[in-house]
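# Sequence below, structure please.
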Amino acid sequence: MAVAQDRGSLATALVAFGAIGALTAAFIAQYGFGLEPCTVCYWQRAPYAITGLIGLLALMPAVGARERRVVLFHLV
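Residues are numbered from 1 along each chain as shown. Below you'll find the model as predicted:
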């Protein structure tokens, strides 16, 4: 049971950090290299941001109650 839970947490972390990495690459391309994104590129950023946020929140149960409150406070 613990192995399956570890695989689930690993998959969640990979999805969350993959989405955050894609957004980071888009922002670096836009602001760092001066590439102007198209309208569709702007629309595609929202699902990546939502996926990254939900993925990070899904990893929160692994954190203690006190630390969870601190992180959630900073998100709001």
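# for residue 41, what are its contacts?
Residue 41 makes contacts with residue 26, as judged by C-beta atoms under 8 Å, 6 or more residues apart in numbering. (Glycine included, C-beta is placed from N, CA and C.)
# Could you check which helix or strand contains it?
helix 39-58 (DSSP states H and E).
# now for the longest helix along the chain, which elements pack on it?
What stands out as the longest helix in the chain, according to DSSP state H, is helix 2-27. Judged by 3 or more C-beta pairs under 8 Å, 6 or more residues apart in numbering; DSSP states H and E, helix 2-27 is in contact with helix 39-58.
# Please tell me how far the helix it packs on is from the chain's geometric centre.
Centre-to-centre, helix 39-58 and its host chain are 7 Å apart (C-alpha atoms, centre = their mean, to the nearest Å).
# Likewise for stretch 33-53?
Worked out by C-alpha atoms, centre = their mean, stretch 33-53 lies 13 Å from the chain centre.
# With stretch 11-30 instead?
Centre to centre, stretch against its chain (C-alpha atoms, centre = their mean), the figure for stretch 11-30 is 7 Å.
# picking that back up, flag every buried residue along the longest helix of the chain.
Going by neighbour count (16 or more other C-beta atoms under 10 Å), the buried part of helix 2-27 is 12, 16, 19, 20, 22, 23, 26.
# where are the low-confidence patches of this protein?
Where the chain drops to pLDDT under 70, the residues are 1-6, 62-64, 68, 71-72, 74-76.
# what residue is smack in the middle of it?
residue 52 (2.1 Å; C-alpha atoms, centre = their mean).
# Surely that residue is in contact with residue 13?
No - at 10.9 Å, residue 52 does not count as touching residue 13 under the criterion of C-beta atoms under 8 Å.
# State the phi and psi torsions of residue 36.
The phi/psi pair for residue 36 (degrees, to the nearest 10) reads phi -90, psi 120.
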